[in-house]
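Q: Next input, structure requested:
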Amino acid sequence: MLVTTGFVLLALFLIFGPYGKIKLGKPDDKPEYSYFTWFAFLFTAGMGVGLVFYGVTEPLTHYYSPPSAEPGSVSAAEESMQYTLFHWGFHPWATYAVLALTLAYFKFRHRAPALISSAFAPLIGERSKGRLGVAIDTLAVFATVFGIATSLGLGATQITAGLSYTFDGIPNTLITNLIVILVVTVLFMLSASTGINRGIRYLSWLNIILAIGLMAFVFILGSSVQMVESFTTTLGNYIQNLPSMTLGMNAFTGEREFLNAWTLFYWAWWIGWSPFVGTFIARVSRGRTIREFVIGVTAIPVIFSAFWFSVFGIAGLEMDAAQGGMIHQLMNEAGNEVALFAFLESQPMAAVVMGVAVLLIASFFVTSADSGTFVLGMLTTGGKLNPGTGVKLIWGVILAGTAAVLLWSGGLQALEMAMLIAAFPFAILMIFMCISLIKALNSEHGILEMEHKQREHDPNFQENQKKELRRMREGFKKTLPDADKEEIEENERES
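A: Next up, the predicted model:
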């Protein structure tokens with residue numbers, strides 16, 4: 001709880017503090033992707049599958065089992081929306097933002113390898129390139145594998161539930177889940193072979209268009225006014241009660257069932273996902289300032305998530321009430337993954353809408369796995385920004401196999417437990433990453449302030465700085481073997 005609270009406070013400091021104008025790259029670097037593509041990447045990697053999976057499920061679950069209100073009451077409905085947004089709001093995106101910013105800063109500002117260990121250089125120096133650095137990157141790889149495997153498991157079970165719910169001949173069994181994983185693995189490996197600027201980019205566009213289209217369909221045909229009112233009310237309750245929800249451990253009541261089952265699980269989940277999501281967000285964020293980056297990665301997704309849950313949460317609660325609690329009963333009998341399809345079944349053009357929902361889940365599924373293979377390729381090839389296709393395909397097979405084995409051995413509980421185990425030690429690493437980032441930013445800010453003062457008194461300051469930098473680089477190259485010179489020149493060409 002304290003760690004994730006620290007990430008939120010650090011994100012706020014980076015937005016309003018003195019480092020906001022520092023650019024993730026050279027001073028004249030421009031953003032590599034448009035805002036639309038960048039936001040599409042954020043949702044593709046960040047929590048696309050989760051939003052679809054929990055859009056109806058979580059508000060309904062909290063309505064019948066709220067943290068403090070009377071179950072099934074008006075207060076329970078209000079509390080369910082408030083806590084759903086809490087679990088998908090600033091805390092997860094702040095967790096992603098601080099890790100992604102740290103990686104992007106050291107990669108694009110200081111030309112360090114795109115590795116988690118590179119962020120520790122201000123603290124441990126050259127040891128970040130030795131065994132200690134390898135151990136850090138290895139832990140990041142394990143956290144990434146189990147985080148993505150959990151996502152794949154969620155996606156597979158919901159696709160299977162949707163197909164089974166729509167078509168009578170398809171059973172909702174483990175074998176069907178494994179077949180879905182196999183089919184989607186082939187699809188995301190095909191996408192992975194095309195690279196980030198084709199497969200992942202086009203699928204990310206498709207994801208965001210389908211998600212907005214499905215949300216607009218439910219919004220227009222549902223209680224639109226109440227959904228808007230729920231959005232503003234929930235956002236207000238969330239902001240008002242954020243400190244107590246953030247730090248509340250129920251110390252005097254001892255009632256921690258809700259806290260353990262939901263809040264603590266989610267915080268561990270976001271930390272477990274952060275190496276994967278953070279590395280991917282860092283990869284696509286060159287050229288943005290720190291302030292622009294942190295606002296983009298926190299504020300915009302939180303507002304979108306708030307509206308998403310207001311639309312699907314209110315629509316799900318209304319539909320469940322109209323059917324006498326049938327959706328909640330079905331969730332208890334067949335699992336949470338059927339909630340979305342039980343809700344969509346009562347909509348006009350149900351078959352078409354359910355087909356679009358399955359396509360959306362599959363598309364998020366493919367792009368999450370595709371992004372995961374890309375990140376794992378970067379982490380295991382010395383931080384290459386564009387790892388080879390062969391490496392990505394190998395990681396694709398490993399991810400699919402991990403998800404399949406964990407589903408076979410214990411279902412979603414096994415997936416979730418593996419992710420929680422990997423998340424705990426990585427949370428400790430993230431604390432030191434934040435310290436390292438602040439240390440590096442503080443040093444650079446002091447240098448920039450000194451340069452600014454010198455520039456005011458020397459009109460040729462910038463040109464002299466460039467000449468001095470070129471002289472230093474050429475002198476440094478002369479001291480190196482030919483192989484190292486070629487590597488430096490290759491890195492400069494990539495930059």
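Q: contacts and neighbour counts: CA atoms only from here.
A: Fine.
Q: Can you tell me what sits against stretch 292-300?
A: Residues outside stretch 292-300 that contact it (C-alpha atoms under 8 Å, 6 or more residues apart in numbering): 11, 14-15, 20, 39, 42, 90, 93-94, 96-98, 101, 285.
Q: Any buried residues in that stretch, and which?
A: Buried residues in stretch 292-300, defined by neighbour count with 16 or more other C-alpha atoms under 10 Å: Phe293, Val294, Ile295, Gly296, Val297, Thr298.
Q: Now tabulate those in TSV and tack on secondary structure and distance to Thr176.
A: Written out in TSV, the entries for those read as follows (DSSP: H, G, I helix; E, B strand; the rest coil; distance: C-alpha to C-alpha, whole Å):
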residue	secondary structure	distance to Thr176
Phe293	helix	41
Val294	helix	41
Ile295	helix	41
Gly296	helix	38
Val297	helix	36
Thr298	helix	37
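Q: Now distance to Asp370 too, for these, in TSV please.
A: Output for those, formatted as TSV (distance: C-alpha to C-alpha, whole Å):
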residue	distance to Asp370
Phe293	23
Val294	24
Ile295	26
Gly296	23
Val297	20
Thr298	23
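Q: Among these, which one lies nearest to Ile200?
A: Val297 (18.5 Å; C-alpha to C-alpha).
Q: I'd say Thr144 and Trp269 touch.
A: No - applying C-alpha atoms under 8 Å, one finds Thr144 not in contact with Trp269, separated by 10.9 Å.
Q: Which neighbours do those two have in common?
A: Common neighbours of Thr144 and Trp269, counting by C-alpha under 8 Å, 6+ apart, are absent.
Q: More neighbours: the two, which one.
A: Thr144 (29 against 24; other C-alpha atoms under 10 Å).
Q: how would you label that one: helix, strand or coil?
A: The three-state assignment at Thr144 reads helix, by DSSP: H, G, I helix; E, B strand; the rest coil.
Q: for the residue nearest to it when sequence neighbours are not counted, what are its contacts?
A: In space, Thr144 comes closest to Phe276 once its chain neighbours are excluded; the distance is 5.2 Å by C-alpha to C-alpha, 6 or more residues apart in numbering. For Phe276, the contacting residues are Thr144, Gly147, Ile148, Gly372, Val375, Leu376, taking C-alpha under 8 Å, 6+ apart as the criterion.
Q: Please report how far the third one lies from Gln413.
A: Translated: Ile148. Distance of Ile148 to Gln413, given as C-alpha to C-alpha, to the nearest Å: 15 Å.
Q: Could you do the fifth one as well?
A: As judged by C-alpha to C-alpha, Val375 and Gln413 stand 25 Å apart.
Q: who has more neighbours, the two?
A: Counted by other C-alpha under 10 Å, Val375 and Gln413 do not tie: Val375 has more neighbours, with 30 against 13.
Q: The helix or strand hosting the more buried one: which residues count as buried?
A: Val375 belongs to helix 350-379 when assigned by DSSP states H and E. Within helix 350-379, the residues that qualify as buried by neighbour count (16+ other C-alpha under 10 Å) are 351, 353-354, 356-379.
Q: likewise stretch 310-327?
A: Neighbour-count burial for stretch 310-327, counted by 16+ other C-alpha under 10 Å, picks out 310-320, 326-327.
Q: out of these, which one sits closest to Ser164?
A: For the buried residues of stretch 310-327, the minimum distance to Ser164 (C-alpha to C-alpha) is 16.0 Å, reached by Ile327.
Q: any idea how far Ser346 is from the residue nearest to that closest one when sequence neighbours are not counted?
A: Take Ile327 and drop its neighbours on the chain: the residue closest to it by C-alpha to C-alpha, 6+ apart is Asp320, 5.4 Å away. Spatial separation of Asp320 from Ser346 under the definition C-alpha to C-alpha is 11 Å.
Q: re earlier: what's the spacing between the residue nearest to Thr144 and Ile179?
A: Relative to Ile179, Phe276 is positioned 25 Å away (C-alpha to C-alpha).
Q: For Met378, which residues are in contact?
A: By C-alpha under 8 Å, 6+ apart, the contact set of Met378 is Ala114, Leu115, Lys384, Leu385, Asn386, Pro387.
Q: and which of these is nearest Ala423?
A: The closest of the contacts of Met378 to Ala423 turns out to be Leu115 (C-alpha to C-alpha; 17.7 Å).
Q: Can you verify my assumption that the closest one contacts Leu385?
A: No - the pair Leu115 and Leu385 does not pass the contact test of C-alpha under 8 Å, sitting 10.0 Å apart.
Q: Look at those two and report which has more neighbours.
A: Under the neighbour definition other C-alpha under 10 Å, Leu115 and Leu385 were set side by side, and Leu115 has more, 28 against 19.
Q: And that one, its phi and psi?
A: Summarising the backbone geometry of Leu115 under the convention degrees, to the nearest 10, its torsions are phi -130, psi 150.
Q: tell me the contacts of it?
A: Counting by C-alpha under 8 Å, 6+ apart, Leu115 makes contact with Leu103, Asp137, Met378, Leu379, Gly382, Gly383.
Q: And for Thr389?
A: Ala192, Ser193.
Q: now, the most widely separated pair of the buried residues of stretch 310-327?
A: Across the buried residues of stretch 310-327, no pair lies farther apart than Ser310 and Met326, at 20.5 Å, counting by C-alpha to C-alpha.
Q: Turn the contacts of Phe276 into a markdown table, columns for distance to Pro66.
A: Rendered in a markdown table, the data for the contacts of Phe276 read as follows (distance: C-alpha to C-alpha, whole Å):
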| residue | distance to Pro66 |
| --- | --- |
| Thr144 | 31 |
| Gly147 | 27 |
| Ile148 | 29 |
| Gly372 | 34 |
| Val375 | 37 |
| Leu376 | 38 |
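Q: would you list those residues in TSV and tack on distance to Pro71 and pLDDT?
A: Formatted as TSV, the entries for these read as follows, by distance: C-alpha to C-alpha, whole Å; pLDDT from 0 to 100:
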residue	distance to Pro71	pLDDT
Thr144	37	82
Gly147	32	77
Ile148	34	78
Gly372	39	81
Val375	43	85
Leu376	43	89
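Q: which helix is the longest one in this protein?
A: As assigned by DSSP state H, the longest helix anywhere in the chain is helix 389-457.
Q: for that one, what is the average pLDDT?
A: When pLDDT is averaged over helix 389-457, the result is 80.
Q: ok and that helix relative to helix 350-379, angle-wise?
A: The directions of helix 389-457 and helix 350-379 differ by 70 degrees, with axes from the mean of the first three to the mean of the last three C-alpha atoms, to 10 degrees as the criterion.
Q: Can you tell me what sits against stretch 18-25?
A: 14, 104-105, 108-110, 285-292, 441, 445.
Q: ok, and the most crowded of the residues you listed?
A: For those, neighbours were counted by other C-alpha under 10 Å; the highest total belongs to Ala104, with 32 neighbours.
Q: What is the subsequent helix or strand relative to the helix or strand harbouring it?
A: Applying DSSP H and E as the criterion places Ala104 in helix 90-104. The element immediately downstream of helix 90-104 (helix or strand, assigned by DSSP H and E) is helix 121-124.
Q: what's that following helix packed up against?
A: helix 389-457 (3 or more C-alpha pairs under 8 Å, 6 or more residues apart in numbering; DSSP states H and E).
Q: hmm, which helix or strand of the protein has the shakiest average pLDDT?
A: Scoring the helices and strands of the chain by mean pLDDT, DSSP states H and E places helix 482-494 at the bottom, with a mean of 58.
Q: Please identify the helix or strand for Asn348.
A: Just so we're on the same page, residue 348 is Pro rather than Asn. Element membership of Pro348 [criterion: DSSP H and E] is none; it lies in no helix or strand.
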